[in-house]
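Peer 1: predicted coordinates and the sequence they were generated for:
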Amino acid sequence: MALGVRKHMPAAQASALSAELLLQEADLAGDAQALERLALWAYRRYSPSVCVDPPDGLVLEVAGGAHRFGGEQGLIADLLARLQAFGVTGAAALADTWGAASALARFAARPGQGLVSHGFADLADLPVAALRLAPETVAALSRVGLETIGDLAGRPAAPLALRYGQDLIRRLDQAYGRLAEPIVAVVPPTAHMREARFPEPISAPETLSRHMARLVEALCADLEQHGFGVRRLRLSGLRLDARVETVEIGLAQATRTPARLIRLLGEKIAQIDPGFGLEALRLSATRIEPLDWRPPGSDLTATGPQPPDGQGLAPLVDALENRLGTGRVYRVEPLVSDMPERCEARVAPLQPVGELDWRAVWREDWPRPARLLNPPEPIETLAALPDYPPAAFTWRGVRRRVRAADGPERLYGEWWRRTAERDSVRDYFQLEDETGARFWVFRLGDGERPQTGPQNWFLHGLFG
Amino acid sequence: MSDDRSRSALQALRVRVAEMETPGRRGFGVLPFGLASLDQRLPGGGLARGALHEVAGAGPEAGPEAGDGAAATLFAAGVLARTEGAVLWCVKRRDLFAPALAQAGLTPERVIFVEAGDEAGVLAAFEEALRHPGLGGAAAELSDLGMTASRRLHLAAESTGALGLIVRRWRRSRPAAMETPNAAATRWRIAPLPATPLQVDGRLIAGLGRPLWRLDLTRCRGGEGFSLAVEACDGEGRLALPALLADGSAAAHAPLQAAS
């Protein structure tokens, strides 16, 4: 901006100002989506009636709601500060009409600044472009010397309409509040929620489960109508003493089968402490996914390696996961890395099998230990440099003589992950001691160059 | 005449007793090892499905690290690799290395790990898994296993026909816990043996041969215990007889002894 780059400037002209200027294609669809998300955020925080004003504006109807933020100034300041925290430098104006606010925000407020203006006095000095007119109308007006809104406001409407079109009069009237401009508020996605309120507080576990089952059935019917299945479900009970008791379940696959949800919630319902009684129960689907109706068990065509979900494991996985906590039930998939610590990733158990074949990553020809020690344990060794396996080593206070060995298998540090590994080298050996037990040991360093590692030895795993 | 009748009655009784004694009596069949010298000595010709089996590392006399049971783990992985379908592996905290399981034939897309945090959690998760139809098998790593718990697990396995494997972890403070009786249909001890040195044209070379294990079947319902030296699981989970023993000749053994 210090160079004089402006909005709507030709790209060639902007490039001429500085050789270091980076040009990027405008992502109009992405911007529109982001604006929509911002509108939903404003809907939740500031006002139930919010709409987007493309391409770069939001309109909020805040009448009667500003006191929560310490008045209108406070609301504007809060809005701008939060936008700043998202990385958006906005300009805002609060005025009596949409037209006036839009004009002030776009043409009077500086970036990062907020204005509050009542009455329409401030409008008079703004350029006519602030009235949201077509560019040719603005150009035509400036040709006859009508530069500011004030110039237009005092003139009789009929000749203006005749010459410049009805649109000019409409915009002018909207700005001055003579013509209503309703806000078509954004509609947030439907919340899938069911609630039961009780005339008498309930506390018996059987009553609780009965009402829970009813709520689940109602919610499932609701979800079926919209074509969704639930992935997370929250049951909250409102107690007489105004505390809220909440239990939550997660599902490995989207479902809307009441019986399964009732069983999973039934395991958790004992955790709800009703105290003196519950006034209300609320069941909300906090995470949903589209779920088409599918005839059960029709998957006869699948071939090749399959994730285990084809075998109806979802109920088992859900039961275990809800009991033990998320992330405790998982499958392992190979990652492209030579380092044993990094060669696998945990994935959700019923997620489709990844593209990567394990044989491509975990070598079949180099045996890997069944048990991996994490972290590797230092051992004392008797070994000849540079590349001989140890002749004996001491681990956990026991000295072992090495009967046979294989190696080295050299693994290089992965400098693209950590700069500290730029030069490091691990030389892995398999050792067999006199009892036949096999060990996976490595030397940190290549045995010659000190920058590859301190040349000390570690035990990393046990073979069968 | 009466002699005949009492003999046939005795025969009928024997059949009933055998039926009671044989695990997997609901006809889930067995999972053979594919190794005649092993399968012939097991009732039904293999590991019974729908039953509980225990695998443990060798005792502390084989050194403290044998208690971690790496060989027992791979033995279990090899057995599960030969079942069909998904496999659940319940642990307290995982120190299993997935590439090693894959090298024993248990490929990563088949194994679901369950980290239960404590022994009670492992037991509960394992039982739930055994009761769930559609699993090929399940393994659980436990250090304690009493009669009651193992009986429960066995009944759970019997209800679905799943192959249940307990991988026992030794607890250094209480090695005697491994000897207490439980309801497992078979109890195995797996210890590493020094492998056969590699040789080319009769000359010894550096490197490691295929690992050797000593299998001890210490308890077998409806059968006899025995000991056998085998070569460790290959890439499909199959055991093999050591080459020298397969030849069946002591002569083949002799020059090697002289050489080493």
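Peer 2: Good, I have the coordinates.
Peer 1: what ranges does the stretch 51-200 of chain B have for its helices?
Peer 2: Using DSSP state H, counting those that start in this stretch, the helices of the stretch 51-200 of chain B run over residues B:70-81, B:98-103, B:119-131, B:147-160.
Peer 1: do the stretch 201-350 of chain A as well
Peer 2: Assigned by DSSP H, counting those that start in this stretch, the stretch 201-350 of chain A shows helices spanning A:205-226, A:258-268, A:314-324.
Peer 1: so which of those gets nearest residue A:291?
Peer 2: Among the helices of the stretch 201-350 of chain A, helix A:205-226 comes nearest to residue A:291, with 7.7 Å by C-beta to C-beta. For every residue, glycine as well, the C-beta is placed using N, CA and C.
Peer 1: before we move on, back to that, pick the most deeply packed of the helices of the stretch 201-350 of chain A.
Peer 2: helix A:314-324 (a mean of 21; mean count of other C-beta atoms under 10 Å in any protein chain shown).
Peer 1: ok, and the closest non-adjacent residue to residue B:239?
Peer 2: Distances taken as C-beta to C-beta, 6 or more residues apart in numbering or on different chains place residue B:230 nearest to residue B:239, at 4.5 Å, with adjacent residues excluded.
Peer 1: contacts for stretch A:52-67 next, please.
Peer 2: A:28, A:31-32, A:35-36, A:38-39, A:42, A:46-47, A:49-51, A:72, A:74-75, A:94, A:98, A:101-102, A:105-106, A:183, A:186 (C-beta atoms under 8 Å, 6 or more residues apart in numbering or on different chains).
Peer 1: residue A:436: how many residues sit nearby?
Peer 2: A total of 21 residues lie near residue A:436 under the criterion other C-beta atoms under 10 Å in any protein chain shown.
Peer 1: and it, how close does it get to chain B?
Peer 2: 4 Å (C-beta to the nearest C-beta, to the nearest Å).
Peer 1: so who does that residue touch?
Peer 2: By C-beta under 8 Å, 6+ apart, the neighbours of residue A:436 are B:191-195, B:211-212.
Peer 1: ok so, going back, out of the contacts of stretch A:52-67, list just those in helices.
Peer 2: A:28, A:31-32, A:35-36, A:38-39, A:42, A:72, A:74-75, A:98, A:101-102, A:105-106 (DSSP state H).
Peer 1: make a PyMOL selection of the buried ones in those.
Peer 2: Buried residues among those (16 or more other C-beta atoms under 10 Å in any protein chain shown), as a PyMOL selection:
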select buried, chain A and resi 35+38+39+42+72+75+98+101+102+105+106
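Peer 1: where does the stretch 151-260 of chain B dip in pLDDT?
Peer 2: Low-confidence segments of the stretch 151-260 of chain B, defined by pLDDT under 70: B:172-177, B:244-260.
Peer 1: the strands in it, which residues?
Peer 2: Listed in chain order, the strands of the stretch 151-260 of chain B (DSSP state E, counting those that start in this stretch) span residues B:163-168, B:186-193, B:199-200, B:203-204, B:212-220, B:226-231.
Peer 1: dump those strands to a markdown table, plus mean neighbour count.
Peer 2: Shown next, in a markdown table, are the strands of the stretch 151-260 of chain B (neighbours: other C-beta atoms under 10 Å in any protein chain shown):
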| stretch | mean neighbour count |
| --- | --- |
| strand B:163-168 | 27 |
| strand B:186-193 | 23 |
| strand B:199-200 | 10 |
| strand B:203-204 | 10 |
| strand B:212-220 | 18 |
| strand B:226-231 | 17 |
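Peer 1: for residue A:90, find the nearest of these.
Peer 2: Across the strands of the stretch 151-260 of chain B, closest to residue A:90 is strand B:163-168 (C-beta to C-beta), at 60.6 Å.
Peer 1: if we look at stretch B:73-87, which residues are touching it?
Peer 2: A:308, A:311, A:313, A:370-371, A:464, B:31, B:47, B:53, B:55, B:96, B:100-101, B:104-107, B:110-112, B:134-139, B:163, B:165, B:167, B:188, B:190, B:213, B:215, B:232-233, B:236-239.
Peer 1: C-alpha coordinates for that stretch, PDB please?
Peer 2: C-alpha atoms of stretch B:73-87 as PDB (Å, rounded to 0.1, in the frame of the first residue of the first chain):
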ATOM      1  CA  THR B  73       4.100 -62.400  20.300                       C
ATOM      2  CA  LEU B  74       5.200 -63.400  16.900                       C
ATOM      3  CA  PHE B  75       3.900 -67.000  17.400                       C
ATOM      4  CA  ALA B  76       0.500 -65.400  18.200                       C
ATOM      5  CA  ALA B  77       0.700 -63.100  15.200                       C
ATOM      6  CA  GLY B  78       1.500 -66.100  13.000                       C
ATOM      7  CA  VAL B  79      -1.600 -67.900  14.300                       C
ATOM      8  CA  LEU B  80      -3.800 -65.000  13.800                       C
ATOM      9  CA  ALA B  81      -2.400 -64.300  10.300                       C
ATOM     10  CA  ARG B  82      -3.800 -67.700   9.200                       C
ATOM     11  CA  THR B  83      -7.300 -66.900  10.300                       C
ATOM     12  CA  GLU B  84      -9.600 -64.900   8.000                       C
ATOM     13  CA  GLY B  85     -11.100 -61.500   8.700                       C
ATOM     14  CA  ALA B  86     -10.300 -58.700  11.100                       C
ATOM     15  CA  VAL B  87      -8.200 -59.300  14.200                       C
END
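Peer 1: what residues of it count as buried?
Peer 2: Under the neighbour-count criterion of 16+ other C-beta under 10 Å, stretch B:73-87 has B:73-83, B:86-87 buried.
Peer 1: try stretch A:124-140
Peer 2: For stretch A:124-140, using 16+ other C-beta under 10 Å, the buried residues are A:126, A:128-133, A:137-138, A:140.
Peer 1: how long is that stretch from one end to the other?
Peer 2: 19 Å (C-alpha to C-alpha, to the nearest Å).
Peer 1: that one: how far from the chain's middle?
Peer 2: Averaging C-alpha positions (C-alpha atoms, centre = their mean, to the nearest Å) puts stretch A:124-140 41 Å from its chain's average.
Peer 1: what's the average pLDDT for it?
Peer 2: Averaging pLDDT along stretch A:124-140 gives 88.
Peer 1: who touches that stretch?
Peer 2: A:99, A:102-104, A:106-108, A:123, A:141-142, A:146-153, A:164-165, A:167-168, A:171-172, A:175.
Peer 1: I'd like to know which of the contacts of stretch B:73-87 are buried.
Peer 2: Using 16+ other C-beta under 10 Å, the buried ones in the contacts of stretch B:73-87 are A:308, A:311, A:313, A:370-371, A:464, B:31, B:47, B:53, B:55, B:96, B:100-101, B:104-107, B:110-112, B:135-139, B:163, B:165, B:167, B:188, B:190, B:213, B:215, B:232-233, B:237-239.
Peer 1: find the nearest non-adjacent residue to residue 83, please.
Peer 2: This is for chain A. That would be residue A:90: by C-beta to C-beta, 6+ apart, it lies 4.6 Å from residue A:83.
Peer 1: sorry, should have said chain B
Peer 2: Excluding the flanking residues, the one nearest residue B:83 by C-beta to C-beta, 6+ apart is residue B:136, at 3.6 Å.
Peer 1: who are the contact partners of that neighbour?
Peer 2: Residue B:136 sits in contact with B:80, B:83-87, B:110, B:162-163, where contact means C-beta under 8 Å, 6+ apart.
Peer 1: so does stretch A:254-266 get close to chain B?
Peer 2: No: shown here: stretch A:254-266 not in contact with chain B (C-beta under 8 Å from any C-beta of the partner chain), separated by at least 12.4 Å.
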